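Structure, please.
(chains A and B, ligands or ions: 2)
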Amino acid sequence: MTSEASTEGGLRLSKAVNLLLPVSLFLLLISFSGVSAQEVRSGWDLVDGGTVSDLHTAEAINGEIWAFGDGGIMLKSLDGGSTWIGNVIAEGYNWSHSDSGYNSILIATDDGVTIILENIGNGENDSNDNIPIFPGQFPINDVALTGSQEFVTVGENGEIWEFDGDEWINRSFGIVNDLLSVSFLDGEDVGLISGEEGIILATDDGGASWDYRDAPGELSTVDIVDIEYFSSIRAYAISEDGHILKSSREGSLAVGFVWSIVEIEREYPVGGSNEFVKGGTELDYDASSIKVLSQSKIMLAGPSGYLSLSKDGGNIVSRQMIPVSNNTSFNAFAMQDGFRGVAVGDGGVILRTENAGSEEFVGFEVADFNDFGQFVDYSKERLMDGLVATAKIVFFGILMGFSLGIILSMLKTSPTTLKNVAQTNRYQLLIMVVLVPLWAILKVPVSVFNIIGVIFGSKKRHHDIGSNNWVMVNPLDSTLISYREKAAQIAASEPLNILAIRAVGLVLISFGVYRILSNLDEISALNLDGWEHIYSPIGAPSAVFWIILGLAIAVLGGIFLSCNGDFSIRDLKVRKTEFSLNPWGIRPLNTIATAYTDIFRNTPLLVQFMFIHFGFELGRRMQDPGLMLFNFEYLQGNANFLTDIFVVYETNPESLGYGRPIGGILEDRAYISAIFALGLNSGAYQCETIRGAVAAIPSGQMEAGRSIGLNYMQSMRLVVMPQAIRICIPPLGNEMVNLVLNSSLAMIIGYAEITRQGKLIVATTFQVFWTWGMVLVSYFLITWTLALFLRYLEERTRIPGLGISGGA
Amino acid sequence: MSEIILSIKDMEKTYVGGVHAVKGISFEVTKGESLAIIGSSGSGKSTVLRCINRLIEPTKGIVQLKGERINTPASDINDVRSRIGMVFQSFELFAHLRVIDNVSLGLIHVRGIGKEEAESEARKVLERVDMLDRVDAYPGNLSGGQKQRVAIARALAMKPEVMLFDEPTSALDPELIGSVLETIQGLAEEGMTMVVVTHEISFARDVADRVLYMDQGLVAEEGPSSIIDKPKTERMKEFLSSIND
Ligand SMILES: Nc1ncnc2c1ncn2[C@@H]1O[C@H](COP(=O)(O)OP(=O)(O)OP(=O)(O)O)[C@@H](O)[C@H]1O
Ligand SMILES: [Mg+2]
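Numbering: from 1, shown residues only, chains lettered A, B, ... in the order given. Ligands and ions are numbered 1, 2, ... in the order given. Here you go, the predicted model:
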């Protein structure tokens, strides 16, 4: 890469790269905008009624739509159901039944309380103050208006009552079954009642007298839950087990005399699919409410999100796609005409339609995947999803891998030996174990504060010697210093306590030996022979772990026990060979880090993925406690951008996934596992890369740092690491690019990244060349952007006169 | 007699692998004194210096700074080092930091001085070594002599009680040596206590108050700088003539 003449500390970057970077990012962005061509859209829109109470019933009359529900809730819409005005009539009453007509709406509760709202749609302001509430007389299952002041109610045990505007008249006539539904033809005296055990009753005198009608014999044991007298020639009813009943006028016989069960030829599931359930006489779903839109057009509603439409009187029933959860129970419709209206249900759900709920098919014809344009149109969204998914695990993987790499490389190069460990006194222990971690935790907010200070306070951090009032010091600084002094004093005044070291050694030996002995049984219980023992770490992981740890602890204890205060090298003579032993020179941190990198660098990443996700179930083990910590109840109202990193919940109560995680690291187990597999693996490699760079820094740099009084960590942080990281940007870049490419392995644990999406696209389109070609292009764009960024970083951080870089 | 700053008693060093580099040497440096250590290559001069500020641990013996023993696990090693300035043969400037940051790094992170104060302090020291005009340069863009003067400034900035120079000019071109020696001479005249390992015999003669000749890990001859002109031992005579050739 070319670069322009260098200036000290300045930005040296060729114009071409400066341009390429934003251009490629821009291309990446625009390549994934645009709309999808083929989709099915629900014919129902969810509208906000402003309540979460269950809505049981609704009416459409005189251009207005009303909905009623629990807690006396009453909603009104003047614009066909788009916006709603809330109101409460008689709090505490649960309005469950209604009827409209004669410019009035009648509503009723299950216990028999009724109200008539008059003069609907005449523009007057509704005042609820002087609406007469008729107290509950007896349980009501349904109501029907027979005039602006008159109505009929039906209820349990055959109760039929008529209210004539002044008083209640009992019209029951000896039926013991519960009556469930009543319907009158507006403006006429004819009405129908349906009830348990296939009962259908009819009247032609406005409800004064009722006669039995013949319901189909098959239904003599089922409840007919809803009935609607639609016109002088047509009535429909629905039974609890999904039979649709139809009655037409036959010659001189009025509607209601002859009932037939509709033959359901086809029943289509949601989504406009071509596959249907071969009919019969019973719907596949339970319906609790029927609405007749025209002589042959009926709508059905029920629990479990059931809404359906039949345009031919029930022969072909299509279940409708709804924009809310399938748990929603729909209770009633209110249709202004054959197309426009609402369906209401539990939880305040109001759905509005302008086409009787029929799905809209955008680009209904099947896409032609042999046309590259249509193919791209179809697959880009999946690829985009995959790209985002890949970017997510790559981002966190790199973050984790790099942090791990730095930590491991520090451990590997750490000079701390057993001798140093033995010389540690109790104050140093306190500092290391308690104070420094606390200090480090406090350091984070302090640094953030100071960075903000730099941004807002003084712009030029390095050159300006202006005042900077924003600097905050870590409150633990002074404590730490005083304890360090104390530790030094103790160390100065107390000689090395050899006895204590030996005592610790003895404890360690016995602990180690105890651990070994108590775990040997488990190994022998595995019944392994000879070389089969190499698999014992899998057969009895914890036992092997404890045995190895026990061995290490016992050896450590042995070394401590042998302490005589001079930590010198031991010369051993075995037969004729001389050994020089330097047990005090063992570097425990290095040993731990080496074990880690050895394990991860000597096993294939693919197997690591599978072991971590399926074997160890890391995803599950992290997700369960994680979700317990950040649970839905707690995060409601407490969520912020930090908790969003971990988990985001669906908070829309109307949504299908209400209360379920829809984002954040904890959302998906495969996601967690993928991040860890990539991060843990990359950490092992990055560790070696960084260690190599650290090793390339002349030891004199460390000595120079130490000679001015910096401690080891300071020298590492301020002197060695800044130079080492600069050196290893190119190889680290390799690691990161590798990590991106390796992320494709996440597909085998079911994580939906690009490669997996590619597989899914192939499954639908059978276009292998195009699909995999596009997957390649997507990867190239990610890694190439990353590579450009790293090159930019390298240029940006290059130090004049350091290293041979080809440029100036 | 003035205060003893540095005192070394029976110091020995055996490297891992068995090289007995220093075989028991003792000397003292008083306040304001400059001691030159000369000796042939491999005689253990660097080892002695590095043992003093414990970049390596002496195997035996006592090192005292202002009467306080510093080669025990008990002494605060970082504090000790910050009180002893060290200048290396190969400069060892922090390559990623500008001159000013090289000098102020220790002030900020060891002395805990604020950044601005530390930088103004650093400028003062850089002025003493005549490097004020290059404060914003990176070490890679400096000449060897300039690098060594910055390295001296870096050590000096910590206000050390004694400065150790390990062959400060032997990595320099002959024409650059002068400016560095001048700087060190200036420090000596200002009364800085220092131990200088050097192959510049004329410098040892002119600047040092005392000269110590080391041979094979032992002090072979010791005395005022005048002993250079009339060495008593054969070894030193040989050494001096080999250098003058
Ligand atoms: N890290 C080390 N490990 C083992 N032996 C070493 C080490 N450093 C130095 N030595 C040996 O110790 C002896 C003294 O070395 P030292 O560097 O002190 O010599 P010197 O007097 O400074 O020489 P010069 O004038 O060449 O710098 C030499 O024999 C050298 O090989
Ligand atoms: Mg040397």
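
Could you look up the next helix or strand downstream of the lowest-mean-pLDDT helix or strand in chain A?
The helix or strand of chain A with the lowest confidence, counting by mean pLDDT, DSSP states H and E, is strand A:360-362 at a mean of 53. Going down the chain from strand A:360-362, the next helix or strand is helix A:372-413, by DSSP states H and E.

other SSEs contacting that next one?
Judged by 3 or more C-beta pairs under 8 Å, 6 or more residues apart in numbering or on different chains; DSSP states H and E, helix A:372-413 is in contact with helix A:588-601, helix A:669-696, helix A:729-742, helix A:754-765, helix A:768-797. Heads up, the C-betas are built off the backbone N, CA and C, glycines and all.

relative to helix A:754-765, how tilted is the last one?
By that I understand helix A:768-797. 160 degrees (axes from the mean of the first three to the mean of the last three C-alpha atoms, to 10 degrees).

For the residue in the stretch 601-750 of chain A that chain B sits nearest to, list the residues it contacts.
In the stretch 601-750 of chain A, the residue found nearest to chain B is A:Gly709; the distance is 2.7 Å by C-beta to the nearest C-beta. Contact analysis of A:Gly709 by C-beta atoms under 8 Å, 6 or more residues apart in numbering or on different chains lists B:Asn78, B:Asp79, B:Arg81, B:Ser82, B:Arg83, B:Gly106, B:Val110, B:Met158.

Out of those residues, the closest to B:Ile52 would be?
The closest of those to B:Ile52 turns out to be B:Arg81 (C-beta to C-beta; 10.0 Å).

got the residue ranges for the strands in chain B?
Taking DSSP state E as the criterion, chain B carries its strands at B:4-14, B:20-30, B:34-39, B:60-65, B:68-69, B:84-87, B:162-166, B:194-197, B:210-215, B:218-224.

Confidence-wise, which of those is weakest overall?
Sorting these by mean pLDDT places strand B:68-69 lowest, at a mean of 88.

need the strands of chain B in CSV with distance to ligand 1 and mean neighbour count, can you?
Putting those into CSV (distance: least, C-beta to the nearest ligand atom, whole Å; neighbours: other C-beta atoms under 10 Å in any protein chain shown) gives the following:
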stretch, distance to ligand 1, mean neighbour count
strand B:4-14, 8, 19
strand B:20-30, 3, 18
strand B:34-39, 6, 25
strand B:60-65, 15, 18
strand B:68-69, 22, 12
strand B:84-87, 14, 27
strand B:162-166, 7, 24
strand B:194-197, 7, 26
strand B:210-215, 7, 23
strand B:218-224, 12, 16
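
and the helices and strands packed on helix A:372-413, which is most packed in?
Comparing those by mean neighbour count (mean count of other C-beta atoms under 10 Å in any protein chain shown), helix A:669-696 comes out on top with a mean of 23.

give the contact list for A:Ile750.
One thing to correct before we go on: residue A:750 is Gly, not Ile. By C-beta under 8 Å, 6+ apart, the contact list for A:Gly750 reads A:Ala670, A:Arg756.

Among the helices and strands packed on helix A:372-413, which comes closest to A:Ala90?
Of all those, it is helix A:669-696 that lies closest to A:Ala90, at 50.0 Å by C-beta to C-beta.

any idea of the angle that closest one forms with helix A:588-601?
Interaxial angle, helix A:669-696 versus helix A:588-601 (the same axes, to 10 degrees): 130 degrees.

Next, see if the next helix or strand after helix A:669-696 gets close to chain B.
Counting by DSSP H and E, the next helix or strand C-terminal to helix A:669-696 is helix A:699-707. Yes. Contact of helix A:699-707 with chain B (C-beta under 8 Å from any C-beta of the partner chain) involves A:Gly700, A:Gln701, A:Glu703, A:Ala704, A:Gly705, A:Arg706, A:Ser707.

in chain B, which ranges drop under the pLDDT threshold?
Residue ranges of chain B with pLDDT under 70: B:1, B:73-74, B:245.

how does it look with 80?
Along chain B, the model assigns pLDDT under 80 to residues B:1, B:16-17, B:72-76, B:244-245.

Near ligand 1, which residues of it are found?
Within chain B, the positions near ligand 1 by C-beta under 6 Å from any ligand atom are B:Tyr15, B:Gly17, B:Val19, B:Ala21, B:Gly39, B:Ser41, B:Gly42, B:Ser43, B:Gly44, B:Lys45, B:Ser46, B:Thr47.

Most widely separated two among those?
For the residues of chain B next to ligand 1, the maximum inter-member distance is 21.7 Å, found between B:Gly17 and B:Gly39 (C-beta to C-beta).

got a pLDDT number for the residue of chain A found nearest ligand 1?
Proximity of chain A to ligand 1 (C-beta to the nearest ligand atom) peaks at A:Ser699, 9.8 Å away. pLDDT for A:Ser699: 90.

Specify the beta-bridge partners of A:Ile261.
When bridges are called by DSSP bridges, A:Ile261 pairs up with A:Leu245.

on that earlier part again, next, the contact list for the residue of chain A closest to ligand 1, please.
By C-beta under 8 Å, 6+ apart, the contact list for A:Ser699 is empty.

Next one: it from A:Ser304, what distance?
As defined by C-beta to C-beta, to the nearest Å, A:Ser699 lies at a distance of 73 Å from A:Ser304.

does A:Val88 really touch A:Gly72, like I thought?
Yes. With contact defined as C-beta atoms under 8 Å, A:Val88 and A:Gly72 form a contacting pair (4.6 Å).

So which of those two has more stuff around it?
Set side by side, A:Val88 and A:Gly72 show more neighbours around A:Gly72, with 20 against 14, by other C-beta atoms under 10 Å in any protein chain shown.

how about A:Tyr685, what does it touch?
Neighbouring residues of A:Tyr685 by C-beta under 8 Å, 6+ apart: A:Gly401, A:Gly405, A:Phe600, A:Arg601, A:Glu735, A:Asn738.
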